[in-house]
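> coordinates only, sequence not included:
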């Protein structure tokens, strides 16, 4: 067998894929190596550092760091500079209007000696392009590329069988339409398809990028409560702006009149608790997954021996595989619950009251 | 910020969610064994119910740990 045949053989491809994923599993260990040398290792602190939003993008562990722009709005005007000037953390940078320093990945306004300046800190608003924002743009670009190429393929190959990327995306879209939107929303389903598809693919791709420990990933977008809040707020607006009179009647005039004082507050809480439940579910699920994986890897440094490594890497790999399931499941759950809530608000006649938190 | 009893509350919430999701999963498997042709509908409803139970549990965990 010559070398060309080896390269072409299926077994070799499989081997390459396996090797790639094994390397993935081993990678997070590199990130810790610097931190373990110095002071005593604190697993909780490391975990919090890894899931938090940062002003710089860690492409490959602690070695390759890309500084991102810092944009500040102060009472005297805007201020732009690179976050590289604030690194390593604790370096005081003298800006145009104030002095700044990074403490636990949070930007603070300080006086020249490095002490927190409370009055100035309140006037500085941080609108920086952080790791999460940059990551979100990257995932948006990937989504744009995928869906623009797929849509142009549909226009060009009208009526023909799907091909390439098309045949990868089409079943997912059909699944969202036939199993998520139509059964839950009913005849108005097609109006909400763009929203549901956007939400689904946005959450899916960001969950996935969050699971990759290095470059395209490495950030934790869906485990950030601000992001899930925004997603849930969009769903909240869509539910309440599209709601018909049956929905409002259900809330403001319950059936026996003497239930008014109990039911109206309960129903009003219900309006808000639905999107809040969506927000907390996605946020806590993704955050918990990241923390569990990092804690398992941290076991090596807590026990401070190499012999625990196979156990901890094995468990981390196991949880990683479960997380891949969770990535799909949470995107699906967010979409199907959004569809359910929208359906409850827009359906014309609902006979059986199906109450969902 | 975490109080001394916060993790305990999180653990109690996990017990509740464990029982709840266990019941859902068990009943779903029973239903599928009885009616294998309805598997897709049962699965969808199982996932929705599990997600709702999980949502309540995660509420409790977040409140307990913050």
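Noted; the coordinates are in hand. Everything numeric in this text was worked out from a predicted model, so none of it was measured.
> and the most centrally placed residue in chain A, how far is that from chain B?
In chain A, the C-alpha nearest the mean C-alpha coordinate belongs to residue A:222, at 1.8 Å (Cα atoms, centre = their mean). Remark: distance between residue A:222 and chain B (Cβ to the nearest Cβ, to the nearest Å) = 14 Å. Any C-beta I mention is one placed from the backbone N, CA and C, and that applies to glycine too.
> Repeat that for residue A:76.
For residue A:76, the distance to chain B - Cβ to the nearest Cβ - is 33 Å.
> residues contacting that residue?
A:96, A:97 (Cβ atoms under 8 Å, 6 or more residues apart in numbering or on different chains).
> same deal with the one 3 residues further on?
Contact partners of residue A:79, counting by Cβ under 8 Å, 6+ apart, are A:70, A:71, A:72, A:73, A:95, A:96, A:97.
> In the stretch 251-357 of chain A, where is pLDDT below threshold?
Counting by pLDDT under 70, the stretch 251-357 of chain A shows low-confidence ranges at A:349-357.
> Give me every residue in it lying close to chain B.
With Cβ under 8 Å from any Cβ of the partner chain as the criterion, the stretch 251-357 of chain A meets chain B at residues A:277-278, A:280-281, A:283-285, A:329, A:332-333, A:336-337, A:340, A:356-357.
> Try it again at 10 Å.
A:273-274, A:276-285, A:287-288, A:329-330, A:332-334, A:336-337, A:340, A:356-357 (Cβ under 10 Å from any Cβ of the partner chain).
> taking the residues you listed one by one, which sit in helices?
Among these, the members found in helices (DSSP state H) are A:273-274, A:276-285, A:287-288, A:329-330, A:332-334, A:336-337, A:340.
> Just the buried ones from the residues you listed?
Among those, those buried by neighbour count (16 or more other Cβ atoms under 10 Å in any protein chain shown) are A:274, A:276-285, A:287-288, A:329-330, A:332-334, A:336-337, A:340.
> Chain neighbours aside, what residue packs nearest to residue A:279?
Leaving out its chain neighbours, the residue that sits closest to residue A:279 by Cβ to Cβ, 6 or more residues apart in numbering or on different chains is residue A:232, at 3.8 Å.
> Packing partners of the helix or strand hosting residue A:324?
Taking DSSP states H and E as the criterion, residue A:324 maps to helix A:309-346. Packed against helix A:309-346 by the contact rule (3 or more Cβ pairs under 10 Å, 6 or more residues apart in numbering or on different chains; DSSP states H and E) you find helix A:10-26, helix A:28-37, helix A:182-185, helix A:189-211, helix A:225-242, helix A:245-252, helix A:260-303, helix B:39-65.
> ok so, going back, compile the contacts of residue A:79 into a markdown table and extend it with columns for neighbour count and secondary structure.
As requested, the contacts of residue A:79 are exported to a markdown table (neighbours: other Cβ atoms under 10 Å in any protein chain shown; DSSP: H, G, I helix; E, B strand; the rest coil):
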| residue | neighbour count | secondary structure |
| --- | --- | --- |
| A:70 | 25 | strand |
| A:71 | 16 | strand |
| A:72 | 22 | strand |
| A:73 | 13 | strand |
| A:95 | 17 | coil |
| A:96 | 12 | coil |
| A:97 | 17 | coil |
